[in-house]
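Asker: just the structure for this:
(one chain, ligands or ions: 1)
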Amino acid sequence: METKKLNVIRLIDTHCHLASVEFEMDLVEIIEKSFKLGIAIISSSIEKDEWDTNLEISRKYDSVFASSGLNPEKWVESNSAIKWIREHSDELVAIGEVGLDHYRIRDHKERELQKTAFVDMIGLSKELNLPIQVHSRSAGRAALHVLEEENASLVHMHAFDGRSSLARMASNELDYYFSIPASVVRSPQKRKLVKAVNIERLLVETDSPVLAPDRGSRNSPLNLPIVFQEIAKILQRDEDELQAIILENSFRLYSRIHS
Ligand SMILES: [Zn+2]
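Answerer: As a prediction, this is how the structure comes out:
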């Protein structure tokens, strides 16, 4: 990955989904415009039929890096996901997103199966020494518990919707990273999260095409500056100083990006 042009990178959109159909029409334009703004992108694929496409995108563009995981609702596909990730691990910068979704999965037995698949993915992330991007919708506490129990390191909690006190603890005591999505402009919970997370563990993401600053419209990595400026405002920090801190955090966790 040393051929990638990183000297102009100012921020990294640490979590979005460029292989989504929503980007089919203007993917090139979005990636090029983002690059001009100094934005590199970690694109995550969570569906079987997106793994290859997502990897292809990262091969094609210097500013895009691939992460592969599995939609937490599809734990039955866990073994094929693990196989695919093992075969392509040299080209990935992370595993994910993977995790727990207690919003969509209510049945106790199904939650247990989902947890087993998550534990397997944590094991894989440790084995391959790759960061893990964690989805934890309505399952913040449960996901953190599993990660701690499994001795996960290199953890990236994305769009965390749990209590800010948990994020404070996990970022300070377990060194887990938390990325703030574009919905920070309208979500009181995300604004609390910004203040709670240890600043040395703070990342930015768009989770595009979802979680747009204005609810319902398509999100894209081009909205990353909105996320960043909102965080600077909330923390009352100088933008240049904060940008340097967040970029350094991103490179620390995603060491494959600039090694
Ligand atoms: Zn996502």
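Asker: looking at the protein, which helix is longest?
Answerer: Looking across the chain with DSSP state H, the single longest helix is helix 108-128.
Asker: next one: the nearest residue in space to residue 44 that is not next to it in sequence from residue 118, what distance?
Answerer: Ranked by C-beta to C-beta, 6 or more residues apart in numbering and with sequence neighbours excluded, the top spatial neighbour of residue 44 is residue 67, at 4.4 Å. All C-beta spots, glycine's among them, are computed from the backbone N, C-alpha and C. Distance of residue 67 to residue 118, given as C-beta to C-beta, to the nearest Å: 16 Å.
Asker: now the angle from the longest strand along the chain to helix 108-128?
Answerer: If you go by DSSP state E, the chain has its longest strand at strand 92-101. Interaxial angle of strand 92-101 relative to helix 108-128 (axes from the mean of the first three to the mean of the last three C-alpha atoms, to 10 degrees): 160 degrees.
Asker: against which helices or strands is strand 92-101 packed?
Answerer: Applying 3 or more C-beta pairs under 8 Å, 6 or more residues apart in numbering; DSSP states H and E, we find strand 92-101 packed against strand 39-45, strand 64-68, helix 108-128, strand 132-137, helix 140-149, strand 155-158.
Asker: average pLDDT for the last one?
Answerer: Per-residue pLDDT values over strand 155-158 give a mean of 98.
Asker: where does pLDDT dip in the stretch 1-150 of the chain?
Answerer: Residues of the stretch 1-150 of the chain meeting the criterion pLDDT under 70: 1-7.
Asker: how about a cut-off of 90?
Answerer: Within the stretch 1-150 of the chain, the segments meeting pLDDT under 90 span 1-8, 72-76.
Asker: how about residue 168: what's its closest non-neighbour residue?
Answerer: residue 196 (4.3 Å).
Asker: in contact with that neighbour, which residues?
Answerer: By C-beta atoms under 8 Å, 6 or more residues apart in numbering, the contact set of residue 196 is 164-165, 167-168, 171.
Asker: if we go to 6 Å?
Answerer: 164, 167-168 (C-beta atoms under 6 Å, 6 or more residues apart in numbering).
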